[in-house]
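Student: take this sequence and fold it.
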Amino acid sequence: MGSSGNRKETVWLTGASSGLGLSCARAFVKAGCNVAAGARSFASSEGVEDDAGYHLPLDVTCEESVTSFAKKALALYGPPDILVLCAGILILGPFEEYTLDEIHRVMDTDFYGMVRTVQAVLPLMREKGSGKIICFSSINGLLGIPYQGAYTSAKHAVEGFCESLFMEVRPFGIQVTLIEPGDHRSGSSAYRAHALRASENPAYHPSFDNVIAVIRHDEENGSDPERLGKKVVRLSRRKKMPLRRRIASPDQHLAVFLHRILPGRLFMSVISSYYRTYQK
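Tutor: Predicted structure coming up:
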């Protein structure tokens with residue numbers, strides 16, 4: 001890969017146990033990289049090495065866990081050439097019915113967890129004068145989706161964070177890119193929780209049920225996660241990575257384009273109609 005010649009490149013990857021993180025981990029292993037694969041669920045399989053890399057426990061919401069992961073990965077493979085940040089959770093529900101704890105959990109995993117991991121890795125990359133940081137955002141980082149308010153807020157934060165980070169670390173030979181996936185068949189329903197009070201308020205029925213049905217349909221008919229993993233590997237091999245790379249279906253690319261050009265109220269009406277947030 002790149003300028004490393006025949007040396008195996010080292011990848012540190014968060015959220016490696018499921019979803020798009022798992023697909024990316026497998027793709028990097030298949031490409032011949034050393035992959036330190038971090039996930040909270042790997043606490044019971046630490047030291048196992050499989051097609052997703054070498055398992056290391058990692059809870060990105062805990063600074064001690066991030067520090068421990070970094071020390072173990074450094075001892076195992078050395079400093080990372082590539083850091084891939086995939087850890088994330090999603091909690092569905094009306095903003096009125098989210099508990100503050102639920103919002104904090106999403107932000108702590110999807111945004112603050114990314115910040116913690118980047119802070120742990122940057123000194124290592126600065127010391128060697130190179131590195132690539134690939135941050136997973138989402139189409140939701142570009143536009144809002146009903147009943148995904150906490151997730152959308154976190155992904156918007158990721159977008160701004162990475163823009164600032166891009167400028168700050170560029171003088172050190174470190175590149176930053178944002179991956180903005182659309183819907184993929186990633187099995188995320190396993191970790192797509194509903195807010196505890198999501199179904200309690202009749203004011204949001206049947207709107208909430210309609211939106212959940214659309215989300216489920218779009219994901220079940222989404223793109224192949226293995227193809228996404230391969231695209232991320234190819235992106236990491238570029239001498240100069242772009243700031244953003246959206247990996248989505250044509251209609252989702254169109255939605256982002258319309259979000260840019262349409263008046264706000266008109267675009268919100270289009271999205272509301274698609275998700276059937278109104279009651280006929």
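
Student: element containing E180, please.
Tutor: Using DSSP states H and E, E180 maps to strand 174-181.

Student: I misspoke; the intended subject was W12.
Tutor: Going by DSSP H and E, W12 is part of strand 10-14.

Student: next structured bit after the lowest-mean-pLDDT helix or strand in the chain?
Tutor: Between all helices and strands in the chain, the lowest mean by mean pLDDT, DSSP states H and E belongs to strand 192-194, at a mean of 68. Note on strand 192-194: by DSSP H and E, the next helix or strand toward the C-terminus is helix 207-220.

Student: quick revisit: by contact count, what packs against the strand holding E180?
Tutor: helix 113-128, strand 131-136, helix 149-169, helix 225-236, strand 244-247 (3 or more C-beta pairs under 8 Å, 6 or more residues apart in numbering; DSSP states H and E). Glycine gets a C-beta too; all of them are placed from N, C-alpha and C.

Student: packing partners of the second one?
Tutor: Helices and strands in packing contact with strand 131-136 are listed as strand 82-85, helix 113-128, helix 149-169, strand 174-181, helix 225-236; criterion 3+ C-beta pairs under 8 Å, 6+ apart.

Student: now do the longest one
Tutor: Contact partners of helix 149-169 among helices and strands, from 3+ C-beta pairs under 8 Å, 6+ apart: strand 90-92, helix 100-107, helix 113-128, strand 131-136, strand 174-181.

Student: for C62, find the nearest of those.
Tutor: Among the helices and strands packed on helix 149-169, helix 113-128 comes nearest to C62, with 8.4 Å by C-beta to C-beta.

Student: mean confidence score for the strand holding E180?
Tutor: On average, the pLDDT along strand 174-181 is 98.

Student: follow-up on the earlier one: okay, angle between the strand holding W12 and helix 113-128 too, please.
Tutor: Going by axes from the mean of the first three to the mean of the last three C-alpha atoms, to 10 degrees, strand 10-14 is angled at 160 degrees with respect to helix 113-128.

Student: just to revisit the earlier point, can you tell me the strand partners of the strand holding E180 and which way each runs?
Tutor: Paired neighbours of strand 174-181 in the sheet (DSSP bridges): strand 131-136 (parallel), strand 244-247 (parallel).

Student: which is the next helix or strand following the shortest one?
Tutor: When you say that, I think you mean strand 244-247. Moving toward the C-terminus from strand 244-247, the first helix or strand encountered (DSSP H and E) is helix 250-261.

Student: next secondary structure after that following helix?
Tutor: Downstream of helix 250-261, the next assigned helix or strand under DSSP H and E is helix 264-275.

Student: quick check: angle from that following helix to helix 207-220?
Tutor: Interaxial angle, helix 264-275 versus helix 207-220 (the same axes, to 10 degrees): 80 degrees.

Student: how near is K72 to Y112?
Tutor: When distance is defined by C-beta to C-beta, to the nearest Å, K72 is 21 Å away from Y112.
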